[in-house]
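**Q** Sequence isn't available, so here's the structure alone:
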RNA sequence: CGGGGUAUGGCGCAGUCCGGCUAGCGCACCUGCUUUGGGAGCAGGGGGCCGCAGGUUCGAAUCCUGCUACCCCGACCA
């Protein structure tokens, strides 16, 4: 275990903060609320990007890029949208600096005021729909299926590395369709892409659902989400997909001629996931020994540590291990062979353990004698001695097993921490304990708000394919037809 | 944005209340020797204008004012 590392039980949020820093994922920057994503953390993001990008391409999308700056007037075109984002926008007002007449550095040149101020994008719907207007004339231009990888800025009051920063990286898909049904299908399709990604790559079980009106994206008709449960019992929204109806088409006058030669507004979706997923990844699997990464997203899947006293011993180890490394690489397994003589083996063990490398191999004179190798797995912290003959197959299977074990563990945790409650007393007690709480709700904004005020719990979502059952609202006792998912959330 | 806390070599801290000689400790770093299967040992060494900007004073890490950043709790939010 790392020296001076806070345990989860001791102080969960401190554990998280220290982990991000000490595992070399990211650090705070000179700019308030903005983070530096360090190489190891960025590698995780790259792995997420490449998996997601492939899934987007496989579902017919292509990438494009739209500007960082949005004319201020664009934002106000869609009433709900501006309402939702106005309070957290960075604004560019000038385009030039000049030397300070007092001789100290530079000042904003008051002469260089922009005619129309520019907003740093908090999301790109407005600039994109203003652009789509020119791209879409006919039903033959539809559907338009575009994604962009970008940074966005939301001027948050309180920030935490990865979970909430003023600037973050994400992807945002923006699609246009000729029918409502098709747009709705698209929103659901991408929600499914996100849940597949979360479960199969991040080993994070998620609940797919619909947001209530108060949690809905500003400007959307319907917001779908995937919700995960973190180890401290708090929920985290890991991705959203919006059915935008014709809201943006109307705001930006995007019409197409249908087959009957009639003008119609197009139907839209948008969907996104961000670097927040890295926060979710950390909080789902990591432990008091440091980071635990699922093999499919780990920058280093296998760390190999030779144990040697001198050059000759290292040579002998190399003879055995280098061909194995080559084989592993051929299998697309990412390997780090740490043969530095500047750090001791014990130091390296701790290092890779803390950084969450799924599999660690150690090979020294003893192993050479017995033609075997020590294999340690990060998820269970177990070690075994394995014969060198079929070692690559063994590792290949081990990586799959670790991926599955992590998912299973996270799923078991969620199952154990998801409960149905019937009374207000149970509800309050359960929310206090943490986890997902299934409860009846009368469907009103007022009740939702009251529950939030009383317990800090929010409705995370109305799960898709929810089973209908008659019941009474946990707060008001009014009739309800289904349970909704409550939790305290990030 | 409101309340509370913190800021001293790369990291973690002491010193600050009660101003005073050269600002100290652990880790990390450098050199050498011995070591190497879970964060090695010994010896020697380098690195600080004490967050920033003003002020008080013969003299400021220490007192005063302003600012900035980070952490915790609220409000807001992916």
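**A** Structure's in. What do you need? On a predicted model such as this, the values are computed, not experimentally measured, just so you know.
**Q** Now tell me what touches the least confident helix or strand in chain A by mean pLDDT from outside.
**A** Least confident helix or strand, chain A: strand A:106-108 with a mean of 79, by mean pLDDT, DSSP states H and E. With contact meaning C-beta atoms under 8 Å, 6 or more residues apart in numbering, strand A:106-108 is reached by A:94, A:96-100. Backbone N, C-alpha and C define where each C-beta goes, glycine included.
**Q** strands paired with that strand, and their directions?
**A** Strand A:106-108 has the following strand partners under DSSP bridges: strand A:97-99 (antiparallel).
**Q** The helix or strand that comes right after the least confident helix or strand of chain A: how far from the chain's middle?
**A** Using DSSP states H and E, the helix or strand that directly follows strand A:106-108 along the chain is strand A:113-120. Once both centres are worked out by C-alpha atoms, centre = their mean, to the nearest Å, strand A:113-120 turns out to sit 31 Å from its chain's centre.
**Q** Could you do stretch A:353-367 as well?
**A** 29 Å.
**Q** same check, this time on stretch A:54-63
**A** For stretch A:54-63, the distance to the chain centre is 18 Å (C-alpha atoms, centre = their mean).
**Q** per-residue confidence averaged over that stretch?
**A** The pLDDT scores in stretch A:54-63 average 98.
**Q** between the contacts of strand A:106-108, which is closest to RNA strand B?
**A** Of all the contacts of strand A:106-108, RNA strand B sits closest to residue A:100, with 14.3 Å by C-beta to the nearest atom of the strand.
**Q** what's the neighbour count on that closest one?
**A** Neighbour count of residue A:100, defined by other C-beta atoms under 10 Å: 10.
**Q** Relative to residue A:29, how far out is it?
**A** Computed as C-beta to C-beta, to the nearest Å, the residue A:100 to residue A:29 distance reads 25 Å.
**Q** Could you say which helix or strand holds the residue positioned nearest the centre of chain A?
**A** A centroid search over chain A (C-alpha atoms, centre = their mean) returns residue A:277, at 1.7 Å, as the residue closest to the centre. Element membership of residue A:277 [criterion: DSSP H and E] is helix A:276-285.
**Q** helix or strand right after that helix?
**A** Sequence order places strand A:302-306 as the next helix or strand after helix A:276-285, per DSSP H and E.
**Q** helices or strands next to the lengthiest helix in chain A in the packing?
**A** Looking across chain A with DSSP state H, the single longest helix is helix A:391-416. Helix A:391-416 sits against strand A:222-229, helix A:276-285, helix A:311-330, strand A:359-363, strand A:372-377, with contacts defined as 3 or more C-beta pairs under 8 Å, 6 or more residues apart in numbering; DSSP states H and E.
**Q** In whichever helix or strand comes after that helix, which residues are buried?
**A** Counting by DSSP H and E, the next helix or strand C-terminal to helix A:391-416 is strand A:418-420. Neighbour-count burial for strand A:418-420 flags residue A:418 (criterion: 16 or more other C-beta atoms under 10 Å).
**Q** Please enumerate residues in contact with strand A:418-420?
**A** Applying C-beta under 8 Å, 6+ apart, the contact partners of strand A:418-420 are A:229, A:430, A:435-439, A:483.
**Q** Run through who's touching the next helix or strand after that strand.
**A** The helix or strand immediately downstream of strand A:418-420 is helix A:424-433, counting by DSSP H and E. Helix A:424-433 is contacted from outside by A:233, A:419, A:421, A:437, A:439, A:454-457, A:474-475, A:486-488, using C-beta under 8 Å, 6+ apart.
**Q** who are the neighbours of the following helix or strand past helix A:424-433, in terms of helices and strands?
**A** Going down the chain from helix A:424-433, the next helix or strand is strand A:436-440, by DSSP H and E. Strand A:436-440 sits against strand A:418-420, helix A:424-433, strand A:479-487, with contacts defined as 3+ C-beta pairs under 8 Å, 6+ apart.
**Q** run the last query once more with 6 Å
**A** helix A:424-433, strand A:479-487 (3 or more C-beta pairs under 6 Å, 6 or more residues apart in numbering; DSSP states H and E).
**Q** how many degrees apart are it and strand A:222-229 in direction?
**A** Following axes from the mean of the first three to the mean of the last three C-alpha atoms, to 10 degrees, one obtains 130 degrees for the angle between strand A:436-440 and strand A:222-229.
**Q** surely residue A:63 meets residue A:147?
**A** Yes - shown here, residue A:63 and residue A:147 form a contact pair, counting by C-beta atoms under 6 Å, at 5.4 Å.
**Q** So for the two, which residue has more residues nearby?
**A** residue A:147 (23 against 13).
**Q** Okay, that one and residue A:270: tell me how far apart.
**A** On the measure of C-beta to C-beta, residue A:147 and residue A:270 end up 10 Å apart.
**Q** All the strands of the stretch 101-250 of chain A, in order from the start?
**A** A:106-108, A:113-120, A:144-153, A:167-177, A:207-210, A:222-229, A:235-245 (DSSP state E, counting those that start in this stretch).
**Q** Provide a list of residues in contact with residue A:486.
**A** If you count contacts by C-beta atoms under 6 Å, 6 or more residues apart in numbering, residue A:486 has them with A:437, A:439, A:457, A:459.
**Q** The third one and RNA strand B, how far apart?
**A** According to C-beta to the nearest atom of the strand, to the nearest Å, residue A:457 stands 11 Å off from RNA strand B.
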